[in-house]
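Chemist: Next come a sequence and a model predicted from it.
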Amino acid sequence: MPLPDLADIEDAARLVYAAMPPTPQYGWPLLDDALGTRTWIKHENHAPTGAFKVRGGLVYMDRLLRRAPGLRGVIAATRGNHGQSVAFAARRHGVHATIVVPHGNSSEKNAAMRALDAELIEHGSEFQESREHALALAARDGLHMVPSCHPDLVAGVATGWMEFFRACPDLDLALVPIGQGSGFCGAAAARAALGLSVRLVGVVSTQAPAYQLSFRARQAMPAPVTTAVADGLACRVPDPDSLAVVLEQADDVLAVSDAEVADAMRVLYRCTHNLAEGAGAAALAAALGLRAQGRLGGRKVGLPLTGGNVDASLFAPILAGG
């Protein structure tokens, strides 16, 4: 999968900014104290759907409809934020969206997708089973299957990283959560487009380690998913296109446990009063781990708060320390 270049990302930005403004990046003194270094948070939780993926959906849908103006409808598989992105963009264009989620998915993410007029179907016990069912429905009903990673999605996602890197061009390290990989691909594309040398380190869950295992083995390595907190990182089978980018562009891939993610969610709330879902707090969880190991070394660190779509029933006990 070729990464979008500067011209492609800037064209994507035109499409994104027709629907939303740039999101802010703030330095929070209490976070600097917690990490012992200068940090910046990129607040993708301030996007219209509460997560960074809406950028990719907006670009993908616009370009798709220019290629296929008579499209019957779109379908996608998701744990939530990708589905909200597809539904948000589809509604803007008057296109019917079907979203497939696993049983037991976030009830509040499900409600958000229905509120965006998506037809929601529950199938399977985890993302890969939902994806396979969505592919079958796409073939049966003549729907366009929106993938989890695609150059147009990456171009949209990269607009957020362009904002971040242009605002903070002297970052030494950026920690990037990896679910299906479009976020990491967007960061890599923006780094290349701007000619920066910032280190990009991926972050996965220890309870969904497929991308870390694959990075170390230099080939795809599926792995079981057991995370109960970071559903946005719940990948069992790496996407082949995004994995190729991770293998080529990542400086490292770290893993954080559910307990570390929960702690980072609490730290973010206490230090910034922003809600973070599990995947949204993963970058900070990794940074806290590096601090404990004495590995931050005074470097300026960029941390994307990739999403804030956490169910109240999950967040309340986490905030209380459970």
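Modeler: Sure, I can see it. Fair warning: this is a prediction, and the values are worked out from it, not measured in the lab.
Chemist: And the helix ranked longest in the chain, what's buried?
Modeler: If you go by DSSP state H, the chain has its longest helix at helix 151-167. For helix 151-167, the neighbour count (16 or more other Cβ atoms under 10 Å) marks 151-165 as buried. For glycine as for every other residue, the C-beta is placed from the backbone atoms N, C-alpha and C.
Chemist: out of these, who's nearest Thr37?
Modeler: Using Cβ to Cβ, Phe164 is the member of the buried residues of helix 151-167 that sits closest to Thr37, with 17.0 Å.
Chemist: Give me the spatial nearest neighbour of the closest one, chain neighbours excluded.
Modeler: Once flanking residues are discounted, Phe164 sits nearest to Lys42: 4.5 Å by Cβ to Cβ, 6 or more residues apart in numbering.
Chemist: What degree of burial does the one you found show, as a neighbour count?
Modeler: Lys42 is flanked by 25 other residues according to other Cβ atoms under 10 Å.
Chemist: can I assume Cys149 sits in a helix?
Modeler: No. Read with DSSP: H, G, I helix; E, B strand; the rest coil, Cys149 is coil and lies in no helix.
Chemist: wait, it sits on Gly179?
Modeler: No. Using Cβ atoms under 8 Å, Cys149 makes no contact with Gly179, being 9.7 Å away.
Chemist: re earlier: C-terminal to the longest helix of the chain, what's the next element?
Modeler: With elements assigned by DSSP states H and E, the helix or strand that comes after helix 151-167 is strand 173-177.
Chemist: Which parts of the stretch 201-322 of the chain are helices?
Modeler: Under the criterion DSSP state H, counting those that start in this stretch, helices of the stretch 201-322 of the chain are mapped to 210-217, 240-249, 258-272, 278-292, 312-319.
Chemist: before we move on, back to that, out of Cys149 and Gly179, which sits in the busier spot?
Modeler: When Cys149 and Gly179 are compared for neighbours, Gly179 comes out ahead with 31 against 25, by other Cβ under 10 Å.
Chemist: what stretches of this protein score poorly on pLDDT?
Modeler: 322 (pLDDT under 70).
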